[in-house]
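Participant: any chance you could fold what I've pasted below:
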Amino acid sequence: EAEQARWNKPAGQRWLPRACAAAVVLMTIGLLAAQTPWLDRWRADYTTGTGESRTVELADGSQLQLNPDSAVQIRMSAGERQVRLLRGEGFFSVAKDPSRPFVVQSGDGWVKVVGTQFSVARRDAQTRVQVAQGKVQVSAGSDALVYLEPGRAVEYQGQRLADVHGFDPASGFAWRQRQLVFRQQPLSDVVSELNRYWPGKT
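Facilitator: From the prediction side, this is the model:
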């Protein structure tokens, strides 16, 4: 009789536990996927793997050089040129077009220019912007806004924008010549960077 009562339950009641279990599994898979490199590469228009560098000429004549383990999305419209940095680092040589600002999105912030040269690097939740030529506008959140000139850099995480500071272009852009330069950096940062150039873990 107990067995008969169990199978006499409405279909919705019989399948509810299985549906809940399946939903939990799918949510877990989704959370894990959101933290893995392959999802960034799947969403991207251009990517680089470990130890790989790549230069791309965009439709507007701008050039983008990608550091190893990087991924970007490109969106060009009549009013704006937009790049979304999903992971890694890119150096941008932007073709001048006053009618269409060039915007790079990374994390919760963005960099806006008309024509200049600069790099944007994303490491986990932090983004670093360094300017080689021209002038860029960096924003994190709705209120925080700074302007950077050549030789100046800034970092932001979430909606928190750090103080603007100088940097050494010779080391800051050394990766463009396939070189790595480390000066008084924590060992953990050095190891993390090396892992982007060689397979396996250092």
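
Participant: who are the packing partners of the longest strand along the chain?
Facilitator: Across the chain, the longest stretch assigned as strand under DSSP state E is strand 81-93. Taking 3 or more C-beta pairs under 8 Å, 6 or more residues apart in numbering; DSSP states H and E as contact, the helices and strands that strand 81-93 lies on are helix 37-43, strand 63-66, strand 70-76, strand 102-106, strand 117-123. All C-beta atoms are positioned from the backbone trio N, CA, C, and that covers glycine.

Participant: now do that strand, average pLDDT.
Facilitator: Averaging pLDDT along strand 81-93 gives 95.

Participant: ok, which stretches of the chain are helices?
Facilitator: 2-7, 11-33, 37-43, 169-172, 187-194 (DSSP state H).

Participant: least confident of these, on average?
Facilitator: Comparing mean pLDDT across the helices of the chain, the weakest is helix 2-7, with a mean of 46.

Participant: contacting residues around stretch 43-62?
Facilitator: 40-41, 63-74, 76, 81, 86, 88, 92-95, 97, 100, 102, 175-176, 178, 195-199 (C-beta atoms under 8 Å, 6 or more residues apart in numbering).

Participant: give me the ChimeraX select line for those, limited to the buried ones.
Facilitator: Listed next is the ChimeraX selection for buried residues among the contacts of stretch 43-62, using 16 or more other C-beta atoms under 10 Å:
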select :40,41,64,65,66,67,68,69,70,71,72,74,81,86,88,92,93,94,95,100,102,175,196,197
